[in-house]
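In: Make a model of this:
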Amino acid sequence: MAEPYRKVSYDNNSCYKLHHTYGFFAGTANPAHLHYDTDLIITYFKQGSGKIQIEGRLYDISEGDLVIQNPAELHRCIIDDGKYHERLALYINEAILKNFPCENTILFDAFYKREKGIGNLIPAEIVSNRGLDVLLDELLIHTRSQKSTSEILAICKIIELLIELNEIAAPVSDIINHTVYENPVINNVLNHINEHFREKLTAEDIARHFYISKYHLSHLFKEYVGISLWDYIIFRRLLFANELMRKGYTVEESCFQSGFSNYSNFFRLYKKHMQITPSDFKRQLTASQNLSQ
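Out: Sure thing, here's the model as predicted:
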């Protein structure tokens with residue numbers, strides 16, 4: 001009998017959470033919708049195949065591949081139905097380094113020092129040669145364990161992972177040995193939006209800037225990015241608002257500095273897309289920062 005789809009989540013540590021997903025996927029159990037996460041993500045595809053869409057690029061995924069993402073990258077995972085699939089998804093809170101005595105934010109360079117949607121995939125051969133698969137399997141063992149030292153050992157494994165990724169991510173970003181579906185026009189449009197999303201932008205202006213029709217632009221954007229051009233601009237502004245609130249700006253300051261001209265509109269869109277109000281998000285940030293002090 002085919003093993004049904006299961007997802008086991010381990011999230012009893014404030015610095016990281018680990019999701020272990022395995023079994024046979026059916027379309028109803030595998031909804032593919034674009035979203036973003038608030039943490040750094042490392043996803044290891046142990047078995048099975050599929051695709052992962054990140055920003056305007058669609059990567060073919062093979063067994064043993066690893067994908068890294070930062071919180072500002074919209075993505076969705078599309079698993080091939082009817083085949084056994086297993087993956088580990090590690091979500092890392094950047095506070096994991098707060099107890100280290102020296103400046104170690106360089107360990108996040110693999111996630112942040114590249115363009116959105118580029119250099120996300122690390123091929124299985126490199127994953128195996130560098131022992132990243134072993135580190136992730138050991139992390140799963142420590143995370144499952146009830147021993148008193150398991151939490152420390154798990155965090156040590158994550159630090160090892162970050163060190164390895166930081167060393168190999170730069171050369172890997174130039175390695176294209178997997179199929180990547182992309183469109184150069186949409187890549188340029190995404191870069192343009194990411195540079196100017198705080199300004200007044202319309203589909204007409206962007207289409208005129210790139211010498212294509214608004215309707216052709218809308219069609220291409222939906223095809224390669226997965227959402228409408230306007231929704232993408234909204235996501236960019238909301239993510240930037242979150243970033244500002246993390247830096248200490250008020251909700252109102254974050255609203256207007258992110259490109260919104262109307263607070264009620266910002267509030268409505270924030271609640272719709274983030275499933276929380278901006279005020280509640282700010283309160284959660286304040287509470288978390290107070291606990292870490």
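In: in the stretch 1-150 of the chain, which ranges drop under the pLDDT threshold?
Out: In the predicted model of the stretch 1-150 of the chain, residues 1-3, 26-32, 99, 101-104 satisfy pLDDT under 70.
In: On the strand side of things, show who residue 43 bridges to.
Out: residue 67, residue 89 (DSSP bridges).
In: show me the contacts for it.
Out: 52, 66, 67, 68, 69, 77, 87, 88, 89, 90 (Cβ atoms under 8 Å, 6 or more residues apart in numbering). C-beta coordinates here come from the backbone N, C-alpha and C atoms, glycine included.
In: run the last query once more with 10 Å
Out: Residues counted as contacts of residue 43 (Cβ atoms under 10 Å, 6 or more residues apart in numbering) are 19, 21, 52, 61, 65-69, 75, 77, 87-91, 120-121, 136.
In: Buried among these? Need that as a selection in ChimeraX.
Out: Buried residues among the contacts of residue 43 (16 or more other Cβ atoms under 10 Å), as a ChimeraX selection:
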select :19,21,52,61,65,66,67,68,69,75,77,87,88,89,90,91,120,121,136
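In: Now do the helix or strand hosting residue 194: which elements does it pack against?
Out: Residue 194 is located in helix 184-196, with elements delineated by DSSP states H and E. On a contact count with 3 or more Cβ pairs under 10 Å, 6 or more residues apart in numbering; DSSP states H and E, helix 184-196 meets strand 57-61, helix 203-209, helix 214-225, helix 229-246.
In: Leaving out the residues flanking it, which one is nearest to the spatially most central residue of the chain?
Out: Closest to where the C-alpha atoms of the chain average out (Cα atoms, centre = their mean) is residue 69, at 4.1 Å. Distances taken as Cβ to Cβ, 6 or more residues apart in numbering place residue 41 nearest to residue 69, at 4.4 Å, with adjacent residues excluded.
In: Tell me the bridge partners for the residue nearest to residue 6 when sequence neighbours are not counted.
Out: Spatial nearest neighbour of residue 6, excluding adjacent residues (Cβ to Cβ, 6+ apart): residue 23 at 5.1 Å. Beta-bridge partners for residue 23, by DSSP bridges, are residue 85.
In: As JSON lines, the helices and strands packed on helix 184-196 with distance to residue 15 would be great.
Out: JSON lines is the format used below for these (distance: least, Cβ to Cβ, whole Å):
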{"stretch": "strand 57-61", "distance to residue 15": "27"}
{"stretch": "helix 203-209", "distance to residue 15": "40"}
{"stretch": "helix 214-225", "distance to residue 15": "32"}
{"stretch": "helix 229-246", "distance to residue 15": "16"}
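In: so which of these gets nearest residue 125?
Out: Among the helices and strands packed on helix 184-196, strand 57-61 comes nearest to residue 125, with 14.2 Å by Cβ to Cβ.
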